[in-house]
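Trainee: just coords:
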């Protein structure tokens with residue numbers, strides 16, 4: 001083969017496919033891109049800013065109008081999240097190895113996606129994320145003793161509208177209520193500056209489907225269970241406490257003893273600060289090598 005032909009051949013790089021947690025939008029990791037990888041976030045159904053941000057959500061807010069708006073995620077299920085993720089994985093796999101990363105609620109989606117296309121995924125990564133094996137859903141895991149002390153319910157202080165009528169959990173992340181803001185910061189990003197925390201919540205989407213967290217998120221040992229997997233524990237997590245993370249790791253390892261989790265621990269809250277997230281970027285970078 002000529003030197004010119006070798007030079008012209010494109011290098012097959014790893015693509016990191018990121019699946020966000022509740023209320024998040026598609027995101028990427030610029031640091032991994034700078035290190036020579038490709039990163040892409042999955043656009044989950046109904047999770048676009050154009051679909052969820054309204055004038056009623058802007059200051060001064062019109063909470064009565066906001067409470068009455070129909071939700072773009074009212075009929076969105078876990079199956080819909082999985083379909084969107086599998087479509088991205090299929091496209092990415094045409095160009096090289098794929099590492100599928102799920103954060104928080106996104107763990108339910110990556111498990112099911114790996115169950116559908118295990119041969120297209122080189123590694124699964126659960127970043128303080130739900131991994132359901134002994135129990136069927138994230139909602140069930142939040143009802144276990146290991147979840148005791150979770151501050152996930154802090155969002156209840158800023159609910160808008162009746163979830164049964166709008167078909168979604170709608171959170172006013174732009175609330176100025178100091179009680180809610182203090183509770184949410186403690187739950188998600190206790191070690192952040194106020195600026196970092198407010199930047200986080202102001203970018204979150206108001207609506208999350210009622211159907212996703214209760215969906216059957218288990219994978220089969222012969223499909224999902226044969227994909228190499230990594231768990232990144234967040235030692236300071238107050239939303240998915242470390243005890244619950246450890247339970248899910250143990251149960252997954254018991255389900256597939258020949259393919260246990262590769263476990264890493266970072267000193268991070270549920271939503272890491274930029275400084276803490278650098279630890280995660282380092283772990284992901286090493287997994288691609």
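Mentor: Thanks, I have it. Just so it is clear, the model here is predicted, and its values are computed rather than measured.

Trainee: next, the contact list for residue 43, please.
Mentor: 26, 84 (Cβ atoms under 8 Å, 6 or more residues apart in numbering). To be clear about C-beta, it is placed using only N, CA and C from the backbone, and glycine gets the same treatment.

Trainee: what's the distance between it and residue 13?
Mentor: Noted for residue 43: a distance of 21 Å to residue 13, by Cβ to Cβ, to the nearest Å.

Trainee: where do the helices sit along the stretch 1-150 of the chain?
Mentor: 3-8, 30-34, 49-52, 63-68, 78-93, 106-116, 138-141 (DSSP state H, counting those that start in this stretch).

Trainee: deepest of those helices, which one?
Mentor: helix 106-116 (a mean of 27; mean count of other Cβ atoms under 10 Å).

Trainee: picking that back up, can you list the helices of the stretch 1-150 of the chain in TSV and add distance to residue 215 and mean pLDDT?
Mentor: Shown next, in TSV, are the helices of the stretch 1-150 of the chain (distance: least, Cβ to Cβ, whole Å; pLDDT from 0 to 100):
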stretch	distance to residue 215	mean pLDDT
helix 3-8	46	40
helix 30-34	29	96
helix 49-52	20	93
helix 63-68	26	96
helix 78-93	3	98
helix 106-116	7	98
helix 138-141	9	98
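
Trainee: closest to residue 182 out of these?
Mentor: Closest of the helices of the stretch 1-150 of the chain to residue 182 is helix 63-68, at 20.2 Å (criterion: Cβ to Cβ).

Trainee: of all the helices of the stretch 1-150 of the chain, which one is nearest residue 20?
Mentor: helix 106-116 (5.5 Å).

Trainee: that's a helix at residue 197, yeah?
Mentor: Yes. According to DSSP: H, G, I helix; E, B strand; the rest coil, residue 197 belongs to a helix.

Trainee: that one contacts residue 185, doesn't it?
Mentor: Yes. Counting by Cβ atoms under 8 Å, residue 185 is a contact partner of residue 197 at 4.9 Å.

Trainee: what sits in contact with each of those two?
Mentor: Joint contacts of residue 197 and residue 185 (Cβ under 8 Å, 6+ apart) do not exist.
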